[in-house]
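fold the following and give me the result.
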Amino acid sequence: FQINMDFSFDWQGFSGVPDPQSPNDSINQLALAMLAPEAGSSLLDLCSGQGKFLDQAYQQDPEVALFGQEIDPLNVIFSRYLQSGHEQQFARIFSNFPFLMRIDQETLDAVLANWTRFPLELTTRNTADWLFVGTVLNLLAPDGRAAVILCSGPLFKQSDREIRAKLVEDGLVESIIHLPDNILSYTRVSADLLILSRDNASTLMIDASDLHTSGRRVNEMSQDDIAQVLSLYQSRANSPLSRLVSRDEIRANDYNLDPSRYLV
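Predicted structure coming up:
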């Protein structure tokens, strides 16, 4: 599969220790099912680690052009799409970035300077998770779709309200799936799968917290669990586990994007 290997962007302004472990296979499978990349299209994994997600994507369809970018030079997969002026866009993007990193002003300015397609006003007071989300949006093709794993806090923290408002008002938040607890091997932080695309007048909230099999170290989603979430996502219907929420209702809730706010 297609991989670029250039170190083209300086991430040294980030501090923290990103864990190289990837999410378990069931979360990768869920994200792949929602992204549904087609043969001949492009798929980017931002923060690709050792390429586990890309390998699963290749096994699913070897005709998809695959790209990866990773901060850790000891890992294998890198791509060169972040240099200034690079015009490449991707039909599908997945990202499982390090949660709650810190960033200095110099690196923040460098990142924002590359956001030519979708400028997002961030400061060092914002949760750094939105830097990765913003990068994903700037690399996403106009008719593309992205699946991003992020911790739950940025979806409701008051300090990130203006960022969420921008995404909602611009119709970029297609769906938010609250994942089961202890589903990620590298953290116990509550997490959600954020689905991004364009021209969304409403957002589908899904509660998948109980759709899992308990394991000794981490919980797993079975094929039936994944199929149930995918069915809710594709039908966009209201159910005990899902609800289609209008932009007006999200606005009335001060742009809180925590699915529990809208689901009983």
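
can you map out the strands along the stretch 1-150 of the chain?
14-15, 42-46, 65-69, 90-95, 102-103, 140-151 (DSSP state E, counting those that start in this stretch).

dump those strands to JSON lines, plus distance to residue 228.
(Each C-beta comes from the backbone N, C-alpha and C, glycine too.) Output for these, formatted as JSON lines (distance: least, C-beta to C-beta, whole Å):
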{"stretch": "strand 14-15", "distance to residue 228": "37"}
{"stretch": "strand 42-46", "distance to residue 228": "24"}
{"stretch": "strand 65-69", "distance to residue 228": "28"}
{"stretch": "strand 90-95", "distance to residue 228": "21"}
{"stretch": "strand 102-103", "distance to residue 228": "37"}
{"stretch": "strand 140-151", "distance to residue 228": "17"}
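
going by mean pLDDT, which of the ones you listed comes out lowest?
The minimum mean pLDDT among the strands of the stretch 1-150 of the chain belongs to strand 14-15 (a mean of 40).

make a markdown table out of the strands of the stretch 1-150 of the chain and add distance to residue 28 and mean neighbour count.
A markdown table is the format used below for those (distance: least, C-beta to C-beta, whole Å; neighbours: other C-beta atoms under 10 Å):
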| stretch | distance to residue 28 | mean neighbour count |
| --- | --- | --- |
| strand 14-15 | 24 | 14 |
| strand 42-46 | 10 | 25 |
| strand 65-69 | 13 | 23 |
| strand 90-95 | 8 | 25 |
| strand 102-103 | 27 | 16 |
| strand 140-151 | 10 | 20 |
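
so which of these comes closest to residue 205?
strand 140-151 (15.0 Å; C-beta to C-beta).

contact partners of the following helix or strand past that closest one?
Using DSSP states H and E, the helix or strand that follows strand 140-151 in sequence is helix 161-169. With contacts defined as C-beta atoms under 8 Å, 6 or more residues apart in numbering, helix 161-169 is touched by 120-122, 126, 130, 133, 154-155, 173, 196, 203, 247, 250-251, 254-257.

distance check, the residue positioned nearest the centre of the chain against residue 218.
The residue lying closest to the centre of the chain (C-alpha atoms, centre = their mean) is residue 148, at 0.8 Å. For residue 148, the distance to residue 218 equals 20 Å [C-beta to C-beta, to the nearest Å].

with residue 103 instead?
Applying C-beta to C-beta to residue 103 and residue 218 gives a distance of 28 Å.

repeat for residue 63
Residue 63 is 32 Å from residue 218, by C-beta to C-beta.

returning to that earlier point: dig out what the residue nearest to the centre of the chain forms beta bridges with.
Residue 148 has the following beta-bridge partners by DSSP bridges: residue 95, residue 194.

with residue 103 instead?
Here residue 103, judged by DSSP bridges, has bridge partners residue 14.

you'd agree it is up against residue 123?
No: at 10.1 Å, residue 103 and residue 123 do not qualify as touching, with contact defined as C-beta atoms under 8 Å.

what stretches of the stretch 51-200 of the chain score poorly on pLDDT?
Along the stretch 51-200 of the chain, segments meeting pLDDT under 70 span 71-87, 185-187.

before we move on, back to that, contact partners for the residue nearest to the centre of the chain?
Contacts of residue 148 (C-beta under 8 Å, 6+ apart): 93, 94, 95, 96, 97, 132, 133, 136, 193, 194, 195, 196.

same thing but 6 Å
95, 133, 136, 194 (C-beta atoms under 6 Å, 6 or more residues apart in numbering).

what's near enough to touch residue 205?
176, 243, 245, 259, 262, 263.

assumed the third one was part of a helix.
No: assessed by DSSP: H, G, I helix; E, B strand; the rest coil, residue 245 does not belong to a helix; its assignment is strand.

could you report the neighbour count for it?
21 (other C-beta atoms under 10 Å).

so residue 259 sits against residue 175, correct?
No: contact criterion C-beta atoms under 6 Å: residue 259 and residue 175 do not qualify, at 9.4 Å.

now stretch 33-41: mean pLDDT?
Stretch 33-41 comes out at a mean pLDDT of 92.

shift numbering so it begins at 457
With 457 as the first residue, the last one maps to stretch 489-497.
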